[in-house]
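Chemist: structural data only, the sequence is not supplied:
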Ligand SMILES: Nc1nc2c(ncn2[C@@H]2O[C@H](COP(=O)(O)OP(=O)(O)OP(=O)(O)O)[C@@H](O)[C@H]2O)c(=O)[nH]1
Ligand SMILES: [Mg+2]
């Protein structure tokens, strides 16, 4: 069975498939268009073709290193086996992406632990932290967890109210920081509230300003320190929110956070607004961090659990007419 058929079989019956197809529609459409153009010029896998393929991959925001790796592997494979047609090329590319991404570990295991589980959201200005916090609040609540959140963005005017409003809408308690106050104080209040009220999942929304690195590091370290003092094993997850529409730039902005705190996974927001889904592969390849969730809209339920098979299957949809 071909790789794409196997992929399709693997995801059949899995949750979220419709959301994948609509959330990644722009990526899939754009892949179809560029594949059609590429197919027109295909005779064999030669340097001219490989260069065009490289450009197509770069346009998907997969990043230079990752694109080069795929192109080099294809060149080598063609030397060994000779690729007969364009369909096989595209299949090879998708299969390479799967290999680069690799198998996902179960990053949700901590949710089965006893006691309060703490998830911290970090990331640059406007990347989608607060909206992602609301989406996670709704998700875990709907799965039967007792949820609370901390509005620890004491920096931006209106930020605390933004999360508090989500809390009211979802009927979830939000512990509010004080504007211009110490975010760590809000975190301590939130952790104590969670312990006293048998909360299962506590979600912490933080400020997104990109101040100087030293301040950011100090602040995040302090947050971690006070958290661990209240709840020994916390934070259980630190997820960095990256705006997918900012592409490679989003990845480089993220590096400041990676230096400041142990990030355990990525939430990729605003995927509904971009055709550049290659960024998912780049994140795994360059940052070696799993994409845990993908945001596909502004509503509380516009969040999908990321799984690489469903993602690749949804973008391969765009290739069906080209490759069959
Ligand atoms: N289309 C779309 N819009 C999104 C998504 N996630 C967030 N947004 C929008 O992006 C904007 C910024 O989102 P926020 O959640 O406020 O971002 P933030 O990181 O908390 O921003 P700061 O608190 O200012 O650092 C808002 O207008 C959101 O509605 C998404 O997945 N898709
Ligand atoms: Mg915010």
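Modeler: Structure's in. What do you need? Bear in mind that the values here come from a model prediction, so they are computed numbers and not experimental data. Numbering: from 1, shown residues only. Ligands and ions are numbered 1, 2, ... in the order given.
Chemist: can we go C-alpha only for contacts and neighbour counts from here?
Modeler: Noted.
Chemist: the nearest residue in space to residue 19 that is not next to it in sequence: what's it in contact with?
Modeler: Nearest residue to residue 19, sequence neighbours excluded (CA to CA, 6 or more residues apart in numbering): residue 304, at 7.2 Å. Each residue near residue 304 by CA atoms under 8 Å, 6 or more residues apart in numbering is listed here: 16, 19, 20, 293, 294, 295, 296.
Chemist: beta partners for residue 304?
Modeler: Beta-bridge pairing for residue 304 (DSSP bridges): residue 294.
Chemist: count of neighbours near residue 255?
Modeler: 12 (other CA atoms under 10 Å).
Chemist: what do you get for the one 5 residues further on?
Modeler: Burial measure for residue 260: 17 neighbouring residues, criterion other CA under 10 Å.
Chemist: okay, now the nearest residue to it once chain neighbours are set aside: neighbour count?
Modeler: Excluding the flanking residues, the one nearest residue 260 by CA to CA, 6+ apart is residue 217, at 4.7 Å. Residue 217: 18 surrounding residues under other CA under 10 Å.
Chemist: could you report the pLDDT at residue 217?
Modeler: Listed pLDDT for residue 217 reads 83.
Chemist: was I right about it contacting residue 225?
Modeler: No - look at residue 217 against residue 225 with CA atoms under 8 Å: they stay out of range, at 12.0 Å.
Chemist: is stretch 128-148 in proximity to ligand 1?
Modeler: Yes - for stretch 128-148, a contact with ligand 1 is found by CA under 6 Å from any ligand atom, at 128, 129, 130, 131.
Chemist: name the residues of the helix or strand the last one falls within that are buried.
Modeler: I take that to be residue 131. For residue 131, the host element (DSSP states H and E) is helix 129-142. Buried positions in helix 129-142, judged by neighbour count with 16 or more other CA atoms under 10 Å: 129, 130, 131, 132, 133, 134, 135, 136, 137, 138, 139, 141.
Chemist: by contact count, what packs against that helix?
Modeler: Judged by 3 or more CA pairs under 8 Å, 6 or more residues apart in numbering; DSSP states H and E, the packing partners of helix 129-142 are strand 117-122, strand 147-151, helix 159-170, strand 201-205.
Chemist: most tightly packed of these?
Modeler: Among these, ranked by average contacts under mean count of other CA atoms under 10 Å, first place goes to strand 147-151 (a mean of 28).
Chemist: got a PyMOL select line for the buried ones in the contacts of residue 304?
Modeler: With 16+ other CA under 10 Å as the criterion, this PyMOL line picks the buried residues out of the contacts of residue 304:
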select buried, resi 19+20+293+294+295+296
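Chemist: can you tell me which of the contacts of residue 304 lies closest to residue 268?
Modeler: Nearest to residue 268 among the contacts of residue 304 is residue 294, at 4.8 Å by CA to CA.
Chemist: low-confidence ranges in the stretch 101-250 of the chain?
Modeler: The stretch 101-250 of the chain contains residues with pLDDT under 70 at 210-211.
Chemist: got the residues of it near ligand 1?
Modeler: 124, 125, 126, 127, 128, 129, 130, 131, 159, 207, 208.
Chemist: repeat that for 8 Å
Modeler: Selection of the stretch 101-250 of the chain residues close to ligand 1 by CA under 8 Å from any ligand atom yields 122-133, 153, 156, 159, 162, 205-209, 241, 243.
Chemist: if we can go back for a sec, got JSON lines for the helices and strands packed on helix 129-142, with distance to residue 31 too?
Modeler: Compiled in JSON lines, those are given as follows (distance: least, CA to CA, whole Å):
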{"stretch": "strand 117-122", "distance to residue 31": "31"}
{"stretch": "strand 147-151", "distance to residue 31": "39"}
{"stretch": "helix 159-170", "distance to residue 31": "36"}
{"stretch": "strand 201-205", "distance to residue 31": "35"}
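Chemist: for residue 213, which of the ones you listed is the nearest?
Modeler: Closest to residue 213 of those, according to CA to CA: strand 117-122, at 13.9 Å.
Chemist: sheet partners, orientation included, of the closest one?
Modeler: When DSSP bridges is applied, strand 117-122 pairs with strand 201-205 (parallel), strand 237-243 (parallel).
Chemist: now residue 119: how far from residue 131?
Modeler: 14 Å (CA to CA, to the nearest Å).
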